[in-house]
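In: got a predicted structure plus its sequence, pasted below:
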Amino acid sequence: MAFSRDLSDTKETLHRQSYLHLEDVLSPDFTDILRSYHTRIASNNLQEIEEWYIPGKKRQYLFEFPSMGFLQQFRQGLSEITGERHDDITIGERHIKVYLENAPEYPAPHMDRQAAQFTIGFPIHIPEASRVCFFPHLSREENTDERAKYLEASADLDMARFYDDERIVKARGKIGDMFIFHGSTIYHERIRSAGAIILYVKINAAGRDPLGEHASLLQSLTAKMETAAADHAAA
């Protein structure tokens, strides 16, 4: 089981305000999986995605779903929240992001690529001062590019003061929680992120898979199932 309860009662609120912070909604199995990734990263026992390393900001690691059954439960839970058909949900990205100690405290907000119709964040380790921020008062025009779109700001803008705006929604989150928001249509950012570890899964219902990570996930899980079946038949 991926989630601890039915999440369909959250759908209306998500579509009305474009972001949600859901507390304590992951199953014990899911939180255990996230903790195991934390341990592997801390012990340097997980291969980094080198091409997605961003100097001065973060390292990234690929999240692998443990089984086809878990993936199906996960997609079903997201179907309940988003209203999209279970079978239409494409996982366009599944990265664990580890923010570096020298990450900027107040970076410019951004929108995700178009393939992130919905972005889902699962906190693994969040420092006391770190917050994810949403900007519902800024432009909501969809980012149709296949790269993130950053808010343009003047070079002399004091970003720390910029984040004092009372219209900005800020939340910390903890393991067991999840954030879900319209990734390609709402500006967002994490401030004071140094040391934070979050699994981000980005999904859409249009079949967009720009990184090939949905296809590779299905291939990997299918291969595991075939190997397990062959081992069972040989036993």
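Out: Looks like it came in fine.
In: tell me what the longest helix that the chain contains is packed against?
Out: Across the chain, the helix with the greatest residue count (assigned by DSSP state H) is helix 213-234. If you count contacts as 3 or more CB pairs under 8 Å, 6 or more residues apart in numbering; DSSP states H and E, helix 213-234 packs onto helix 68-82, strand 90-99. Every C-beta, even on glycine, is put in place using the N, C-alpha and C of the backbone.
In: how far does that helix sit from its chain's centre?
Out: The chain centre lies 25 Å from the centre of helix 213-234; the measure is CA atoms, centre = their mean, to the nearest Å.
In: cool, and stretch 157-169?
Out: For stretch 157-169, the distance to the chain centre is 23 Å (CA atoms, centre = their mean).
In: what sits up against it?
Out: Stretch 157-169 is touched from outside by 19, 105-108, 133-137, 153, 191, with contacts defined as CB atoms under 8 Å, 6 or more residues apart in numbering.
In: tell me what the residue nearest to the spatial centre of the chain is bridged to.
Out: Per CA atoms, centre = their mean, the C-alpha nearest to the average position across the chain is that of Tyr200, at 1.8 Å. On the basis of DSSP bridges, Tyr200 is bridged to His95, Gly121.
In: right, and it touches Pro123 too?
Out: No. Look at Tyr200 against Pro123 with CB atoms under 8 Å: they stay out of range, at 10.4 Å.
In: so, low pLDDT: which residues of this protein?
Out: Within the chain, the set of residues satisfying pLDDT under 70 comprises 232, 235.
In: what segments of it are strands?
Out: Along the chain, the segments classed as strands by DSSP state E run 19-22, 58-62, 90-99, 110-111, 118-125, 131-135, 149-150, 169-171, 178-181, 187-191, 197-204.
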